[in-house]
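Asker: Test case, fold it:
(2 chains)
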2 protein chains.
Amino acid sequence: MNENPLDRLKALLGEVYDLNATLSLLGWDQLTYMPGGGAEERGSAMATISRIMHLKLTSDELLKCLEECEKQTTGLPDDSDDYCLVKVTRREVTRRTRIPSKWVTEFAEATAIGQDKWERAKSTSDFPCFQPYLEKIIELRREYASFFQPYDHIYDPLLDEFEPGLKTRDVQKIFEVLREDQVSLIRELSEKPQVDSSFLYQYFPENAQWEFGSGVVSSMGFDWNRGREDSSAHPFTTTIGMDDVRITTRVLPENLSSALFSTIHEGGHALYELGFSRKLKRTPLATGASMAVHESQSRLWENLVGRSRSFWVHYYPKLQLLFPAQLANVPLDIFYKGINRVEPSLIRTESDEATYNLHIMLRLELEIALMERKIEVRDLPGLWKERMNEFLGVIPKDDVHGVLQDIHWAGGMVGYFPTYALGNVISAQLWECIQKNIPDLDDHISQGRFEPLLDWLRVNIHTHGAKFETQELVKRVTGTPIDPQPYLRYLRTKFTEIYS
Amino acid sequence: MNENPLDRLKALLGEVYDLNATLSLLGWDQLTYMPGGGAEERGSAMATISRIMHLKLTSDELLKCLEECEKQTTGLPDDSDDYCLVKVTRREVTRRTRIPSKWVTEFAEATAIGQDKWERAKSTSDFPCFQPYLEKIIELRREYASFFQPYDHIYDPLLDEFEPGLKTRDVQKIFEVLREDQVSLIRELSEKPQVDSSFLYQYFPENAQWEFGSGVVSSMGFDWNRGREDSSAHPFTTTIGMDDVRITTRVLPENLSSALFSTIHEGGHALYELGFSRKLKRTPLATGASMAVHESQSRLWENLVGRSRSFWVHYYPKLQLLFPAQLANVPLDIFYKGINRVEPSLIRTESDEATYNLHIMLRLELEIALMERKIEVRDLPGLWKERMNEFLGVIPKDDVHGVLQDIHWAGGMVGYFPTYALGNVISAQLWECIQKNIPDLDDHISQGRFEPLLDWLRVNIHTHGAKFETQELVKRVTGTPIDPQPYLRYLRTKFTEIYS
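Answerer: The predicted structure is shown next:
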């Protein structure tokens, strides 16, 4: 046995890293290649690995070792790897030891059933059949919060699971600013003539779409020796190791935007996961700082880069060559406007940059009200329609296009949604900073050169892994905490120009 | 905690099953889809899962529970599931507890390095560069045997790892009979005019080869909802669960035999893994009885079925339709003889039915002599050439075509080779039995109907999983222990006819 507590801690956490990596592979395979018959046993294997990981993270051996490490790292600079490792481990261990293992099992079962029932309910737009299962999940999430009393707000512990350190009140403040401004921007845009995007909905052969998207992520800097791309029903990124990060894509033959922008989005997540300092290998610091920071990376590549005019100055001629019959007669300017068309719509994942955050705000409001017992699960379908009308002026005709559209609640992920909007906000805040640091950024992008951008992201964001919490990281890089103004400025400038 | 010891044992073994399934997925992915960069971390993840599994199988908790179960199952029929579960668990636990964990780690490291060095040595045919690593591995295998003293023969514990219950002396007796007869058969055949097989080495498009092979395993009864087929450098079968069994294939565009027969071979392994009684789910009985029994299933489908005339009465017209340019002018009889051409050759995996076992005997002799310290690792290249000349009348020009051709020793699998030859022997022994039980078997096969055969295998072999040891199972089914005569009769009848 190694006598140095830090080395011992790293050995223990290395095992946890391996278990987590294994869990990622089990999950990736489940959604890509697993034959249907394997589902039940896969659930059981994943439960076993999760349980072993939980036991390791809450073991006396680790706790004792962690205490010794805390003494050993006292006085180290608070941005040193070892100090951060001990800090982040303590945070996770504290969180986990508060949760009774009985609750973990119950929650795992409730969300496994919940996702299955949600899937069925979605296929027939039958919310009442899903309602009792969601009620159980919401009850369990309330119970989860209770393990962390005292708190300022019952939603804090839920948010904290995905955004360590961030408070409900902070998020609400940011969202209030966003909401007012975004609602009025959308209203203004709705009075202008609409831009055309019909050319995006022709037949585009799947192979060619796939090749184009892969080419773009290659140019972004995705290293195919340390990752791969597969097909799945819903696109996602998964990390099986520091040198094995995988993205997935779904190609729709009659929708050019879908696969293209989701591939760039997942590519952005993947570049983050591929960019951690190698010194963090096999430690819990070799992961993203938070879900919001992760989303800032994917949205930055998808929107700030991928939906910019500069990007298409480089890529549009190539795209036209690939799809001459569909695009030869569509000029760059029309294409650029088409991929940025703003239109209040029902489905979050298909919504444009200007309206996206409003979908999130609606969900956050309902989540908070549910936790506070101000509303009940049975009220959700009605409230959803009301709020959609209020926020976006559209009303879903059924629950599939309303409250049943997302899997998150069925999976127990109450507390997750705000990270999407925060990601948008942070992406624009970083972008203003990047533009100052790389004055000829647009030139680079319009010539298909992404190294300067990727280098900046690596040095300022990626390399740190999970060493800093979201606010700490954003402040280190931009000088201020999360600030909605850059995103609002970005939206206003971009869309006023497009809809001029 | 459940108070019934057997239920508790099953819960503990269920976790071990999950860990083992996970290990299989990690291994499958490593050989199919893993990006190159992931190799190092994959090694570490697999080592962690293996270690956890080993600790669980040798834990005090399991040992105590097992003792209680032994009391509980005393008096149960010796073919009942519970009795066999306890018996097989005891066997594995006893084996594992004899092995010091220091040795496990050392062996894992030595074989990881060994396989890497073997790969390099193979690419340059440089045995001396591999020699010191193989010496280390052989030394560790001798040490492994020492943990199981007293034994009748130092090779017994090695063999036992792959063939529980079988003794070196039994194998040697069987091999002596085989050797004499096979050597004289080969001599006789070599005096007859050689058959033509040149038509197998034309260009056959890879997609078409793949489709044909998949079609054959479908007809054999492979359930695509409970398995899949992927591409890999060396074909293999892996079991990720009772309902998730995967095969791999390598297609060579200028060799029709290679992919075709290896796909049928792996299909045979897979049908075995898919055929265990569902009552054995998530237990250590949900696996093959031994490597020899496994090989009997794969070789039965590959050779007794796949290289039979009846099989091609059904499939050859389809194959000719698929490859008219290559095969339209090759009559069935010529094709049948071509795929059964006997020719002493240098590479085990490419050898025909009549010569295959001699490749195994050579390896067994050398393995035993190494263990007994009658020869040294440095003598292997020379002895290999001598024996090849003696057994088969051919001499490899270099070590790639000699001692370096197989990965087994580099992976520490000393004790494995005899299972291949025993598999051949058992396959023919079962076949005589099947022919008695299904008198119109040939008719079924020549009409592409494999259900009667698969049903027989399921009822007599597959359903039992690992409940019985090899000899016990063979005797249950055929009435006698492993007997080389059926295989020798099969070879003589088949090849005398082909070479008449």
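Asker: quick one, strands of the stretch 201-350 of chain A?
Answerer: Taking DSSP state E, counting those that start in this stretch, the strands of the stretch 201-350 of chain A run over residues A:227-231, A:237-241, A:244-249.
Asker: a markdown table please, covering those strands and showing mean pLDDT, mean neighbour count and distance to residue B:457.
Answerer: Every residue, glycine included, has its C-beta placed from N, CA and C. A markdown table is the format used below for the strands of the stretch 201-350 of chain A (pLDDT from 0 to 100; neighbours: other Cβ atoms under 10 Å in any protein chain shown; distance: least, Cβ to Cβ, whole Å):
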| stretch | mean pLDDT | mean neighbour count | distance to residue B:457 |
| --- | --- | --- | --- |
| strand A:227-231 | 98 | 19 | 35 |
| strand A:237-241 | 98 | 25 | 37 |
| strand A:244-249 | 98 | 26 | 38 |
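Asker: can you list those in CSV and add distance to chain B?
Answerer: Listed next are the strands of the stretch 201-350 of chain A as CSV, based on distance: least, Cβ to the nearest Cβ, whole Å:
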stretch, distance to chain B
strand A:227-231, 5
strand A:237-241, 3
strand A:244-249, 3
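Asker: Just tell me which of these ends up closest to residue A:173.
Answerer: Nearest to residue A:173 among the strands of the stretch 201-350 of chain A is strand A:237-241 (29.9 Å), distances taken as Cβ to Cβ.
Asker: Packing partners of that closest one?
Answerer: Judged by 3 or more Cβ pairs under 8 Å, 6 or more residues apart in numbering or on different chains; DSSP states H and E, strand A:237-241 is in contact with helix A:5-32, strand A:244-249, helix A:256-273, helix B:39-57.
Asker: Would you reformat those as a markdown table and include distance to residue A:410?
Answerer: Listed next are the helices and strands packed on strand A:237-241 as a markdown table, based on distance: least, Cβ to Cβ, whole Å:
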| stretch | distance to residue A:410 |
| --- | --- |
| helix A:5-32 | 16 |
| strand A:244-249 | 20 |
| helix A:256-273 | 21 |
| helix B:39-57 | 30 |
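Asker: where does chain A dip in pLDDT?
Answerer: Residues of chain A that meet the criterion pLDDT under 70 lie in A:1-2.
Asker: mind redoing it with 90?
Answerer: For chain A, residues meeting the criterion pLDDT under 90 lie at A:1-3, A:101-102, A:104-105, A:108-109, A:112-113, A:115-116, A:119, A:233, A:350, A:500.
Asker: Alongside chain B, which residues does it contribute?
Answerer: A:14-15, A:18-19, A:21-22, A:25-26, A:29, A:33-38, A:40-42, A:44-45, A:47-49, A:52, A:223-228, A:230, A:240-244, A:282 (Cβ under 8 Å from any Cβ of the partner chain).
Asker: Weed out the non-buried ones from those residues.
Answerer: Neighbour-count burial (16 or more other Cβ atoms under 10 Å in any protein chain shown) applied to the residues of chain A next to chain B gives A:15, A:18-19, A:21-22, A:25-26, A:29, A:33-35, A:37-38, A:41-42, A:44-45, A:47-49, A:52, A:226-228, A:240-244, A:282.
Asker: so who does the spatially most central residue of chain A touch?
Answerer: The residue lying closest to the centre of chain A (Cα atoms, centre = their mean) is residue A:295, at 4.2 Å. Contact analysis of residue A:295 by Cβ atoms under 8 Å, 6 or more residues apart in numbering or on different chains lists A:419, A:420, A:422, A:423, A:424, A:426, A:427.
Asker: ok, for it, nearest residue in space, not its chain neighbours?
Answerer: residue A:423 (2.4 Å; Cβ to Cβ, 6 or more residues apart in numbering or on different chains).
Asker: Check the stretch 51-200 of chain A for the residue nearest chain B and tell me.
Answerer: For the stretch 51-200 of chain A and chain B, the shortest gap (Cβ to the nearest Cβ) falls at residue A:52, measuring 6.4 Å.
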